[in-house]
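A.B. asks: Show me the folded form of this:
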Amino acid sequence: MTSPFPARLVVLRHAKSAWPPDVPDHERPLAKRGRRDAPTAGRWLFAEGCVPDLVLCSTSRRTRETWDLVAPELGGRPEVVFEPRVYGASAAELLNVLREVPEQRRTVLLIGHQPGVQDVVLSLAETEESGGAGEGAVEGEGGVGGEALARVRAKFPTAGVAVLALSGAWADLAPGTAGLTHFAVPRGEAPGK
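C.D. replies: Numbers count the residues shown, from 1 in each chain. Modelled structure (predicted):
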């Protein structure tokens, strides 16, 4: 039995990372700002009803640390897959990973890296026929789908969150088959404020 509600893909760019000398890219940790922003992103997801039932997380240290700080804010513990193919993936590679999601999954959180996260959101949400907003684009935080899409196109900052409603099955994901419903960049409060 299929759900009357479309499946949702929530794309989260990892929180701000540090650049310590002599540390390989895969092992870079979160910076102080990243440790503030990640829980705020988790609270935003919870408040917007975007609690995932599956998390696909890159294996990098900064994405794993982002997840560790997001998770307690969600009010539950979804299945988590630390997926090596997400690290450094292009939009096409991310689509291949997402096409493998079981159909019963209704909300999937993908935690990854630039430029892949921005490119996959733009690929899924942009179509020529809709003037840049994918099928099912609706009004959400960040404006009507097209306005939110313009913000994604301009920049997908660390801890940025894009929510897309799918127009079909996970296995059928392709460019232009989702509508961007929300785009937000939750920020934690800096010390002393």
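A.B. asks: CA only for contacts and neighbour counts going forward, please
C.D. replies: Fine.
A.B. asks: got the buried residues for the worst-scoring helix or strand of the chain on mean pLDDT?
C.D. replies: In the chain, the helix or strand scored least confidently by mean pLDDT, DSSP states H and E is helix 145-154, which has a mean of 86. Using 16 or more other C-alpha atoms under 10 Å as the test for burial, helix 145-154 gives G145, G146, E147, A148, L149, V152.
A.B. asks: Could you list every helix and strand that it packs against?
C.D. replies: Contacts defined by 3 or more C-alpha pairs under 8 Å, 6 or more residues apart in numbering; DSSP states H and E place helix 145-154 against helix 116-125, strand 178-184.
A.B. asks: Give me the contact list for stretch 65-74.
C.D. replies: 14-15, 29-30, 34-35, 38-43, 45-46, 51, 57, 77, 111 (C-alpha atoms under 8 Å, 6 or more residues apart in numbering).
A.B. asks: List buried members of those by neighbour count.
C.D. replies: 14-15, 29-30, 34-35, 38-43, 45-46, 51, 57, 111.
A.B. asks: Next, check those against the helices and list the overlap.
C.D. replies: G34, R35, A38, P39, T40, A41, G42, R43, L45, F46 (DSSP state H).
A.B. asks: immediately after the least confident helix or strand of the chain, which helix or strand?
C.D. replies: Beyond helix 145-154 in the direction of the C-terminus, DSSP states H and E gives the next helix or strand as strand 161-166.
A.B. asks: Report the angle between that following strand and helix 145-154.
C.D. replies: 130 degrees (axes from the mean of the first three to the mean of the last three C-alpha atoms, to 10 degrees).
A.B. asks: now the angle from strand 161-166 to helix 116-125?
C.D. replies: Using the same axes, to 10 degrees: strand 161-166 against helix 116-125 is 30 degrees.
A.B. asks: Strand 161-166 - what's its average pLDDT?
C.D. replies: The pLDDT scores in strand 161-166 average 97.
A.B. asks: For this protein, give me the ranges with low pLDDT.
C.D. replies: Scanning the chain for pLDDT under 70 picks out 1-4, 127-145, 192-193.
A.B. asks: one step back: CSV for the ones in helices among the buried ones among the contacts of stretch 65-74, including distance to V117?
C.D. replies: Output for these, formatted as CSV (distance: C-alpha to C-alpha, whole Å):
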residue, distance to V117
G34, 17
R35, 20
A38, 16
P39, 19
T40, 19
A41, 16
G42, 18
R43, 20
L45, 17
F46, 21
